[in-house]
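*Asks:* Task: produce atomic coordinates for the following.
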Amino acid sequence: MIKKLFINTLSIIITSTLLTSCSNSYISTNLDKENFQAYFSASNVIIYDHEKEINGRYQYIGSVEGHDCQIKPHHKKPDKINARTQARQQAFDQKANAIIFTGCITLNQEQLTQLNNSNDARQCHAVIICYAKAYALETK
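*Replies:* Residues are numbered from 1 along each chain as shown. Below you'll find the model as predicted:
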């Protein structure tokens with residue numbers, strides 16, 4: 001009986017200690033408006049194949065680029081979709097709402113090493129880089 005009472009008391013003390021130690025902890029999440037806007041910003045940039053396709057007035061904002069890195073040889077190969085999405089996010093950050101991709105290039109480790117001062121050469125096994133022109137379309 002005493003042994004059972006001791007075990008119950010001990011379990012209550014341990015549970016209380018755990019609960020009170022967690023009460024001062026705050027849960028931190030990335031659920032804020034800025035993170036959502038950054039994550040979905042690419043969806044606000046329309047992709048066109050040529051300037052001729054753009055209806056209405058527009059203004060050239062500038063060049064943008066996105067890249068995707070394969071860190072180790074056994075990791076997933078660099079993805080063109082990720083690189084294009086990053087370029088669209090960059091265009092959105094520059095207040096553009098349209099983009100025309102001019103090309104993508106994939107560089108392997110040997111090619112990256114040949115580029116002097118390449119940050120990608122030190123960090124990536126392979127990289128894909130997509131280049132584009134960003135535009136601001138007049139909206140009605």
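
*Asks:* Past the least confident helix or strand in the chain by mean pLDDT, which element shows up next along the chain?
*Replies:* None of the helices or strands of the chain scores lower by mean pLDDT, DSSP states H and E than helix 33-40, at a mean of 57. Remark: after helix 33-40, the chain's next helix or strand is strand 46-48, criterion DSSP states H and E.

*Asks:* any idea how far E51 is from I105?
*Replies:* The spacing between I105 and E51, counted by CB to CB, to the nearest Å, is 22 Å. In short, each C-beta sits where N, CA and C put it, glycine included.

*Asks:* That should have said E65, apologies.
*Replies:* With CB to CB as the criterion, E65 and E51 are 19 Å apart.

*Asks:* So which of the two has more stuff around it?
*Replies:* The residue with more neighbours, out of E65 and E51, is E65; 15 against 12, by other CB atoms under 10 Å.

*Asks:* Could you check which helix or strand contains that one?
*Replies:* Using DSSP H and E, E65 falls in strand 58-70.

*Asks:* Show me what the helix or strand following that strand is packed up against.
*Replies:* Later in the chain than strand 58-70, the nearest helix or strand by DSSP H and E is helix 80-93. When contacts are defined as 3 or more CB pairs under 8 Å, 6 or more residues apart in numbering; DSSP states H and E, helix 80-93 sits against strand 58-70, strand 98-108, strand 126-137.

*Asks:* ranking these by burial, who's on top?
*Replies:* Mean neighbour count (mean count of other CB atoms under 10 Å) peaks for strand 126-137 among these, with a mean of 21.

*Asks:* so how far is it from its chain's centroid?
*Replies:* 15 Å (CA atoms, centre = their mean, to the nearest Å).

*Asks:* again with stretch 59-76
*Replies:* Worked out by CA atoms, centre = their mean, stretch 59-76 lies 10 Å from the chain centre.
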